[in-house]
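A.B. asks: can't give you the sequence, but here's the structure:
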């Protein structure tokens, strides 16, 4: 896929969500949120895949709005970065390639794993974010941002990897469950979604996966997401540094507006698209792009998701 690069000076504000008409009232999944450990929570979907597919009509897809992301409006200056920001031993989980016979070129490319995420917040409407397929034991996990409906009763989650302007070349996956880090602000804006297996297909087998890094220090990084005003994946790059609220920040990044929330903050990017995701894009912090870096709590959520 041709890389689309955006590197300017100010992060565009996320588009505000609009109210939807009564005709588009969401289907509310019967699900129970429960604590799963320190600062984590989980929800399990009980709706059928048939009902999910029936819900996402062309009208609802067209009416879905970008999920607003937090924007503190603060001006930030890079502080000194500690060697181990997250307070734990660094962990690295390698990327995987698509399985032979999946119909996808055998490579581990973030451009094939990042994609569009649709969902509903009951009583508010239908929204869009971004997500990325990450390595997991069950081969079915997508990393995204907590503010993409998690903790607000979010439901009807539907994901398409390698999405581009309405085209979903590998199809759509529904969801089985989700887990997220609770409490705090942008520094804890992490969530992991467990997808279903339509026709026995695991998303990681089809498109491969991006690797994961937990408790990493700030390094040179790329951010990849799908803004609604473009409806395809775009990226920016720069040196990451620690923010005052525990976020990880990057300057000179513009264009990741509403819809890009939940996109991948990646490091060790290779020419073939192989990379390690170390956080989820969570919006802006003043003029800087912000991510929620993966620490111990995010590891616990991912570990629970990958074995669900």
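C.D. replies: Arrived safely. Note that the structure is predicted; figures quoted are calculated from it, not measured.
A.B. asks: for residue 159, what are its contacts?
C.D. replies: In this structure, residue 159 makes contact with 115-118, 131, 142, 172-173, 175, 193, 195, 203, judged by C-beta atoms under 8 Å, 6 or more residues apart in numbering. Any C-beta I mention is one placed from the backbone N, CA and C, and that applies to glycine too.
A.B. asks: likewise residue 203?
C.D. replies: The neighbourhood of residue 203, defined by C-beta under 8 Å, 6+ apart, consists of 133, 139-140, 142, 159, 161, 170, 173, 195.
A.B. asks: Just name the closest of these to residue 246, please.
C.D. replies: Minimum separation from residue 246 among the contacts of residue 203 (C-beta to C-beta) is found for residue 142, which lies at 23.4 Å.
A.B. asks: And the host helix or strand of that closest one, what's buried?
C.D. replies: In this structure, residue 142 is located in strand 141-144 according to DSSP states H and E. Using 16 or more other C-beta atoms under 10 Å as the test for burial, strand 141-144 gives 141-144.
A.B. asks: Also stretch 132-147?
C.D. replies: 132-136, 139-147.
A.B. asks: Can I have the buried ones of the contacts of residue 159 as a PyMOL selection?
C.D. replies: Typed into PyMOL, the line below selects the buried ones among those, using 16+ other C-beta under 10 Å:
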select buried, resi 115+116+117+118+131+142+172+173+175+193+195+203
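A.B. asks: And the contacts of residue 159, which two are furthest apart?
C.D. replies: Maximum pairwise distance among these (C-beta to C-beta): 15.1 Å, between 118 and 203.
A.B. asks: give me the low-pLDDT residue ranges for the stretch 151-300 of the chain?
C.D. replies: Scanning the stretch 151-300 of the chain for pLDDT under 70 picks out 184.
A.B. asks: hey, where'd the helices end up in the stretch 1-150 of the chain?
C.D. replies: 49-55, 58-63, 110-113 (DSSP state H, counting those that start in this stretch).
A.B. asks: How far off centre is the second one?
C.D. replies: Centre-to-centre, helix 58-63 and its host chain are 21 Å apart (C-alpha atoms, centre = their mean, to the nearest Å).
A.B. asks: OK, contacts around the residue nearest to residue 197 when sequence neighbours are not counted?
C.D. replies: The shortest distance from residue 197 to any residue that is not its chain neighbour, by C-beta to C-beta, 6 or more residues apart in numbering, is 6.6 Å, and that residue is residue 140. Contact analysis of residue 140 by C-beta under 8 Å, 6+ apart lists 173, 176, 194-197, 202-204.
A.B. asks: mind running it again at 7 Å?
C.D. replies: Contact partners of residue 140, counting by C-beta atoms under 7 Å, 6 or more residues apart in numbering, are 194-195, 197, 202-204.
A.B. asks: can you check residue 127 too?
C.D. replies: By C-beta under 7 Å, 6+ apart, residue 127 lies in contact with 17, 64-67, 119, 121, 149.
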